[in-house]
Each structure stands twice: as C-alpha cells, then as structure tokens.
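Chemist: Build me a model from this:
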Amino acid sequence: QVQLVESGGGLVGAGGSLKLSCAASGRTFSSYTMGWFRQAPGKEREFVAAIRWSSISTYYAEFVKGRFTISRDNAKNTVYLQMNSLKPEDTAAYYCAAMERYSRSYYRSADYEYWGQGTQVTVSS
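Modeler: As a prediction, the model looks like this:
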C-alpha cells in the first residue's frame, strides 16, 4: 500500500511560479512511475507530467512543455512539480499518482494504482 500526500498549492498571479511536492510512503517508491494529473471544475482529469523510476524518462502534456518540470528524489520518497509561467487556465486541483505495475501508457489515469487527495492551484489573471 502506498499513501501520497501533496502540498505546495495556493493562489498565484499569472506568470508566477509554484512548486508542488508529493510525499510517498512505501519501501518501493523508487520503482514506481510517478505522475501528476489535474482536474478543473466541470472538466475531466487530465495528464500533466510523469517520471519513470530512474528519472531519465520524463513526459509532459503539450500544454505544459517548457513551463513545468517534474523531478523526484527517491531518497526522500518525494516527487515534485515545478510550475513556472503559470496561466489562469492552469487553475485546477492537482493530483499526484503512483504506478506500481509498469505501463507504457503513463498518460492514462487508469494505469495508476495510488492517488493523493489533491492540492488546489489557483492562478489569477
């Protein structure tokens, strides 16, 4: 069993930055693919970024490329999402997710077994 706890959300003006953290419990965290998803009111949950266990492979949704960076510290059982140049359309609840069983479909929420409770990010115009 893995428990995920996100932090770092808040209110920021357009063009600002936030860094989200996701602390994970579990001895095998380093082997998991970790992902960030987001969900805005009235919209479906969507993929934002993912990182494989080795940190060599990272993946991003097109709408965050060049602005967001995912990273992980396996010694601290933590994954991060650095968000720069934030836009009002980035406003959403952001969720951390862990994929225990390897899947090529890092962008599919259904392939992640564990989820955090989410942290709210609000970007004002």
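
Chemist: Just list whatever residues bridge to residue 11.
Modeler: Note on residue 11: beta-bridge partners by DSSP bridges are residue 122.

Chemist: Identify the spatial nearest neighbour of the residue nearest the centre of the chain, chain neighbours not counted.
Modeler: The centre of the chain sits closest to residue 36, judged by Cα atoms, centre = their mean, with a distance of 2.1 Å. Sequence neighbours aside, residue 48 is the residue nearest to residue 36 in space, at 4.3 Å (criterion: Cβ to Cβ, 6 or more residues apart in numbering). Glycine gets a C-beta too; all of them are placed from N, C-alpha and C.

Chemist: list the contacts for the residue nearest to residue 78 when sequence neighbours are not counted?
Modeler: Excluding its sequence neighbours, the residue lying closest to residue 78 (Cβ to Cβ, 6+ apart) is residue 23, at 5.2 Å. By Cβ atoms under 8 Å, 6 or more residues apart in numbering, the contact list for residue 23 reads 4, 5, 7, 76, 77, 78.

Chemist: Since that was my last question, I'll sign off now.
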